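K.L.:
Return atomic coordinates for the entry below.
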Amino acid sequence: MTTRKVENPNKKGNTAFIWAVLAVLAIALVVIGLIVFNGRENRSAAIKEGMIDVEGINVAWNEDEDIIHLTGSNADAKTAELFEDFSCTHCADLHIASDEAMIEKLKAGEINVDLRPMTALDKGEEGHSTKALAAELALFANGDLAQAFTIRDYLFQNQQTVYNKYDNDGFADMAKDYEASDAAIQDIRDGKFIETAKRMGADNMKYQEDNTGEAWTPRVLVDGKDIEDIEGKRDDWPQTLSQM
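P.N.:
Now for the predicted structure:
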């Protein structure tokens with residue numbers, strides 16, 4: 001009696017089919033990889049294109065100070081004190097109206113600015129103003145100046161949509177998106193400058209009260225006087241300051 005081995009007549013066809021499927025999957029993975037790579041490249045390029053150019057602007061901040069000193073090429077240019085709060089809608093309006101001119105005139109050496117951030121609208125709590133300012137301070141402390149200016153601009157330009165939307169991790173992820181340094185990102189995530197932000201906000205409110213009798217934001221002081229009381233203008237305060 002002869003035993004005959006019975007084979008699947010479709011065996012070869014099945015093998016060919018499997019190899020065809022694998023080939024298609026391999027091609028798909030390559031295509032997806034290229035899409036992801038190009039997406040990252042395009043995203044990175046878009047981020048870099050949207051970054052604020054801070055070349056020519058010097059930033060000095062001692063962590064014990066309540067002032068972020070912004071100077072251009074002329075240290076003797078007239079200096080304004082700018083008080084702003086990330087939760088203040090009028091601060092956002094003033095930023096949109098004047099920040100581009102401020103940066104241009106800083107670079108040109110026509111003005112200098114003492115930035116005095118406030119957190120009054122958090123009313124002593126760890127709210128949006130405090131967390132946003134703490135993120136900014138982490139960027140300044142680690143020398144990530146372009147990221148600091150760009151995120152500050154983003155937070156004011158998009159205030160209505162970003163208000164109270166981010167915790168420390170959210171701000172850290174935002175800084176990462178803007179390619180901040182690992183040290184700055186970790187400082188933001190850890191909330192390293194939260195207490196500093198609270199102190200800075202409170203001190204700058206007291207500074208106004210002690211020197212003018214009251215405090216508010218936004219406010220631009222020159223030689224202790226509101227710039228609108230000097231020239232009757234505020235939205236174009238960088239231009240006004242450059243002519244003093």
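K.L.:
In this protein, which residue is most central in space?
P.N.:
I151 (1.4 Å; CA atoms, centre = their mean).
K.L.:
Work out for me the element it sits within.
P.N.:
Here I151 is covered by helix 145-157, with elements defined by DSSP states H and E.
K.L.:
That helix: which residues count as buried?
P.N.:
Within helix 145-157, the residues that qualify as buried are 145-153, 155-156, counting by 16 or more other CB atoms under 10 Å. Yep, even glycine has a C-beta here, placed from its N, CA and C like the rest.
K.L.:
Kindly report the same for stretch 227-240.
P.N.:
By neighbour count on 16+ other CB under 10 Å, the buried set for stretch 227-240 is 227, 230-231, 234, 237-240.
K.L.:
Where do the strands of this structure begin and end?
P.N.:
Taking DSSP state E as the test, the strands found in the chain are 58-60, 68-71, 79-85, 112-118, 219-222, 225-226.
K.L.:
Need the contact partners of stretch 160-171.
P.N.:
87, 127-128, 131-132, 134-135, 154-155, 174, 188-191, 194 (CB atoms under 8 Å, 6 or more residues apart in numbering).
K.L.:
how far out from the middle of the chain is it?
P.N.:
Centroid separation for stretch 160-171 versus its chain: 11 Å, with CA atoms, centre = their mean, to the nearest Å.
K.L.:
Start and end of that stretch, how far apart?
P.N.:
Stretch 160-171 has an end-to-end distance of 16 Å (CA to CA, to the nearest Å).
K.L.:
Make sure T89 is actually in contact with F156.
P.N.:
No: T89 is beyond contact range of F156, at 9.9 Å (criterion: CB atoms under 8 Å).
K.L.:
Could you check how far Y178 is from D64?
P.N.:
Using CB to CB, to the nearest Å, we find Y178 at a distance of 27 Å from D64.
K.L.:
Quick one: neighbours of G201, just the number.
P.N.:
24 (other CB atoms under 10 Å).
K.L.:
Ok, V59 next?
P.N.:
V59, neighbours per other CB under 10 Å, totals 16.
K.L.:
Report the contact partners of it.
P.N.:
V59 neighbours (CB under 8 Å, 6+ apart): 68-70, 140, 145, 148.
K.L.:
quick one: contacts of the helix holding I151?
P.N.:
Contacts of helix 145-157 (CB under 8 Å, 6+ apart): 50-54, 57, 59, 86, 91-92, 95-96, 99, 103, 132, 135-136, 139-140, 162, 174-175, 178-180, 184.
K.L.:
now that helix, how far from the centre of its chain.
P.N.:
Centroid separation for helix 145-157 versus its chain: 3 Å, with CA atoms, centre = their mean.
K.L.:
That one vs strand 112-118, what angle?
P.N.:
60 degrees (axes from the mean of the first three to the mean of the last three CA atoms, to 10 degrees).
K.L.:
Only alpha carbons, please: show helix 145-157 as PDB.
P.N.:
Taking C-alpha atoms only, helix 145-157 is exported to PDB below (Å, rounded to 0.1, in the frame of the first residue of the first chain):
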ATOM      1  CA  LEU A 145      15.100  84.700  24.900                       C
ATOM      2  CA  ALA A 146      13.500  84.100  21.500                       C
ATOM      3  CA  GLN A 147      11.200  81.500  23.200                       C
ATOM      4  CA  ALA A 148      10.400  83.900  26.000                       C
ATOM      5  CA  PHE A 149       9.400  86.800  23.700                       C
ATOM      6  CA  THR A 150       7.500  84.500  21.300                       C
ATOM      7  CA  ILE A 151       5.500  82.700  24.000                       C
ATOM      8  CA  ARG A 152       4.700  86.100  25.600                       C
ATOM      9  CA  ASP A 153       3.400  87.300  22.300                       C
ATOM     10  CA  TYR A 154       1.400  84.100  21.700                       C
ATOM     11  CA  LEU A 155      -0.200  84.400  25.200                       C
ATOM     12  CA  PHE A 156      -1.300  87.900  24.600                       C
ATOM     13  CA  GLN A 157      -2.300  87.500  21.000                       C
END
